[in-house]
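Engineer: curious how this folds, go ahead:
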Amino acid sequence: MSPVRPSDGSAPTPLPTGPQDTASKLDDVPVSLPPDDGAVGEPRRADAPLAAPPDTRELAAQFEDEKPGRVLSGPVGLLFTGVTVAVALLALWQVFFPLPQGSKYYLIIFLAGILPMVFLAYPSGVRPRRRRPATAPAAGDPVADGATAPAADARRGGPTLVDWLLALAALVSCLYPVLPVTLGAGGGGYDAFLDRQGLLVPLDVAMGTVLMLLLLEACRRTTGWILPAVCLLFLAYGYYGGLLPQSWAVAHAGLDFGQLIDAFYNSDSGFYGTPLDVAASYIVLFTIYGAVLDLSGAGRFFVELSAAAFRRSRTAAGRTAVASGFLLGTVSGSGAATTVSIGAVTWPILRRAGYPAERAGGMLAAAGVGAILSPPTLGAAAFIIAEYLGVSYLQVLGWATVPTILYYLGILLSVEIDARRSGVRAVVIDSGSAWRLLARFGYHFLSLIVIIVVLAMGASATRAVVIATVLAAALSFLDRRHRLTPARLVEALRGGVRGVLAVSAVCAAAGIITATTTKTGLGPQAAALLVSGAQAVSSEPAVVLALTALLAAVALSLLGLAVPVTASFVIGWVIIGPALLNLGVAAPAAAMFVFYFAVLSEVSPPTALAAVAAAAVTGGRLVPTMWQTLRYALPAYLIPIAFVITPTGLGLLGIGGVERILVAGVVSALGVTVLAVAAGGWLPGVGPAGVPERIVGAVAGLVLLWLEPVPVAVGAVLAALAVAGVLVRRGSAGRAGAPSVPKQLVPGEERE
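Structural biologist: Take a look at the predicted model:
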């Protein structure tokens, strides 16, 4: 294998050219973490990478679901700061003193503050742009330096006249329902607007149309063309669906344009439906909390603590990367951002330990995406689950706990296996004592603990996160480098609201999808088609359920390649959710199933944003990095199917009593372990596994995840046979004098 060039442009570091004898003395390679001066830089989004240099933050922005925005300064920057801080204060005020007009009134005001800022913060992107490189640009590259790239120029330029006009139109169309001004038959204030529901006048329809088009343009600017195209497809279905042959399952009676705009603009399932409610009530508060935690120095502490906990061991580098991803996920809401953030710090450690770039990239991507799946701060779609099912956010966190443990069990096992079969070196990480770090900066965990405690006391998630935010701000004064002074507090509020601009536009535009689905009855019809496809293969209920789950998993994975996670969940829930519910799947299992596969789009080829970001950091080849990511993230793909296809699987969500939870957890852990061994080709403590043992192990792992007595017994027997095969192979190799630590290869990796 050729040397790997680090993303910082320094000289390439040669990788080991062969396996090392495990009995030999390991070389100690000291590695220092990058310094942290605690300086306050340009305001950034709450989900920007933590404790990373500015060029790394810029790199992360290229691989997130949303596109990079402008760097606003001068009078425009002051205006943007003023509006975003006002929106943040309104969101905080709404938690304790709700507006008397109701939640929809608040959503109207919230969107009126958010949508105009999208057009000021995000360029139109209509100018030709240099194609984004698949790997990180080297130092001195014009794209890296932002010197000549049109995209970089656009981000550094101010809003154009068109941007200002669109912002003004957004402000007017958003505030129109609440303006107490009579305009012919329209206007008249909030109550008058609600009274015209189902009977919109032409001015109402015109304003609703303008708002719809502006939301689609906002989505295009922040996430690309695909989501607006999907929304327009649903709009066309609602308008032209009545022309379809009525014998077709997806045909409906037909809706005129006014009825559609009424459903979007003046109903509780349109623009101001549950997705936007979640963005305005939950997500904005958590992004503000993340910004406060970031500026208080928590991100740097989490990385240093992870490094200090595994200072000197063969697997120190891998464990540090995984632990950093888990901890940083409490602050970052993006898998790609977390991947770049931990990669900036841990890739030099992984490289010096001898990890190939592709394998390290897969580890970083899997750890970054796992952060979105892990309590106490899950992805945005988790809040939508709580609203759709009418449960507390604490219950959703409980459902995610066991799958999170199994996910990280799979990653850590893969780390241990890779360390032994690849002959990586032990690394001495130049960091302080973990206990000393905890004693000095362990207070950063307090706000996270407070969220769980306050939720357990019965308070709402919004109150819990506000209390945690206030606590994090107060605790920041324990470190003079990261005190949350008034200027830094304004930066946190601005960064928190800026971090929710794109997701708010996506959530509001998702109202087009949900309202059309509700008005036309598309959800039950599409669900019936999905179930019919499974029934065409078999009439056995268990087989039908399993096939439906597999088809749903494929459909959700493909959907996630095209649209952001939040929109993917909304579409998946209204179309695929009913199919699972109709087959008797419990609502929590169905919702979490859709949630997991929506999130996994960040590691699913061919887009795999987190894997692309990891390859950019490590300089590895893209396709092999994606393969490695899939290997590390394998439990996240299989566990959701396990808790859908059998009643015992509900134990993986913490439902059904202690016995069911223990049985489901232990059996699934065994399945994940066997799959990790099969994928990695190594049995820890024993030695390499050959192809026959790996095949038997893979079958055993899959069968074990069917949590019924007979499949579990069969899977256990197969797992025992696989282990016996490895033991026999080791004994034969020892008698023949063969090396006990051969180098195993995985798909997409070159022989070194």
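Engineer: against residue 583, how distant is residue 255?
Structural biologist: Applying C-beta to C-beta, to the nearest Å, the value for residue 255 to residue 583 is 30 Å. From N, CA and C alone the C-beta is placed, and that goes for glycine too.
Engineer: oh, that last question was meant for residue 420, not what I typed.
Structural biologist: Applying C-beta to C-beta to residue 420 and residue 583 gives a distance of 43 Å.
Engineer: who's more crowded, the two?
Structural biologist: Taking neighbours as other C-beta atoms under 10 Å, residue 420 and residue 583 compare with residue 420 leading, 22 against 19.
Engineer: that one contacts residue 682, correct?
Structural biologist: Yes - with contact defined as C-beta atoms under 8 Å, residue 420 counts as touching residue 682 (5.8 Å).
Engineer: quick one: least confident helix or strand in this structure?
Structural biologist: Least confident helix or strand, the chain: helix 142-145 with a mean of 38, by mean pLDDT, DSSP states H and E.
Engineer: roughly how far apart are residue 324 and residue 317?
Structural biologist: 11 Å.
Engineer: in terms of secondary structure, what does the host helix or strand of residue 677 contact?
Structural biologist: Per DSSP states H and E, residue 677 falls inside helix 657-680. Here helix 657-680 is seen to pack against helix 393-421, helix 634-645, helix 691-704, helix 709-736 when contacts are counted using 3 or more C-beta pairs under 8 Å, 6 or more residues apart in numbering; DSSP states H and E.
Engineer: quick one, which of residue 324 and residue 317 is more surrounded?
Structural biologist: Per other C-beta under 10 Å, whichever of residue 324 and residue 317 has more neighbours is residue 317, with 32 against 29.
Engineer: can you check the pLDDT for that one?
Structural biologist: What the model reports as pLDDT for residue 317 is 78.
Engineer: tell me the contacts of it?
Structural biologist: 346, 349-350, 352-353, 355, 424, 427 (C-beta atoms under 8 Å, 6 or more residues apart in numbering).
Engineer: the residues you listed: which two are farthest apart?
Structural biologist: For those, the farthest-apart pair by C-beta to C-beta is 346 and 424; their separation is 13.3 Å.
Engineer: those two: which has the busier surroundings?
Structural biologist: Between residue 346 and residue 424, counted using other C-beta under 10 Å, the more crowded position is residue 346 (32 against 27).
Engineer: can you tell me which helix or strand the more buried one belongs to?
Structural biologist: Assessed by DSSP H and E, residue 346 sits inside helix 335-353.
Engineer: what angle do the helix or strand that comes right after that helix and helix 335-353 make?
Structural biologist: Next helix or strand after helix 335-353 toward the C-terminus (DSSP H and E): helix 357-370. Using axes from the mean of the first three to the mean of the last three C-alpha atoms, to 10 degrees, the inter-axis angle of helix 357-370 relative to helix 335-353 is 140 degrees.
Engineer: next, the buried residues of helix 357-370.
Structural biologist: Across helix 357-370, burial judged by 16 or more other C-beta atoms under 10 Å covers 357-370.
Engineer: do stretch 230-239 as well
Structural biologist: 230-231, 234-235, 237-239.
Engineer: and which of the residues you listed is nearest residue 642?
Structural biologist: residue 230 (29.7 Å).
Engineer: check which helix or strand the closest one maps to.
Structural biologist: Assigned by DSSP H and E, residue 230 falls in helix 226-240.
Engineer: which elements pack onto that helix?
Structural biologist: helix 202-223, helix 257-265, helix 501-520, helix 541-562, helix 565-575.
Engineer: do that again at 6 Å, thanks
Structural biologist: helix 202-223, helix 501-520 (3 or more C-beta pairs under 6 Å, 6 or more residues apart in numbering; DSSP states H and E).
Engineer: with only the CA atoms kept, save it in PDB.
Structural biologist: The C-alpha trace of helix 226-240 is given here as PDB (Å, rounded to 0.1, in the frame of the first residue of the first chain):
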ATOM      1  CA  ILE A 226     -33.900  16.700  -4.400                       C
ATOM      2  CA  LEU A 227     -36.200  17.600  -1.400                       C
ATOM      3  CA  PRO A 228     -38.000  20.400  -3.400                       C
ATOM      4  CA  ALA A 229     -38.400  18.000  -6.300                       C
ATOM      5  CA  VAL A 230     -40.000  15.400  -3.900                       C
ATOM      6  CA  CYS A 231     -42.300  18.100  -2.500                       C
ATOM      7  CA  LEU A 232     -43.400  19.100  -6.000                       C
ATOM      8  CA  LEU A 233     -44.000  15.400  -6.800                       C
ATOM      9  CA  PHE A 234     -46.400  15.200  -3.900                       C
ATOM     10  CA  LEU A 235     -48.000  18.500  -5.000                       C
ATOM     11  CA  ALA A 236     -48.500  17.100  -8.500                       C
ATOM     12  CA  TYR A 237     -50.000  13.900  -7.100                       C
ATOM     13  CA  GLY A 238     -52.500  15.800  -5.000                       C
ATOM     14  CA  TYR A 239     -53.500  18.000  -8.000                       C
ATOM     15  CA  TYR A 240     -53.500  15.400 -10.800                       C
END
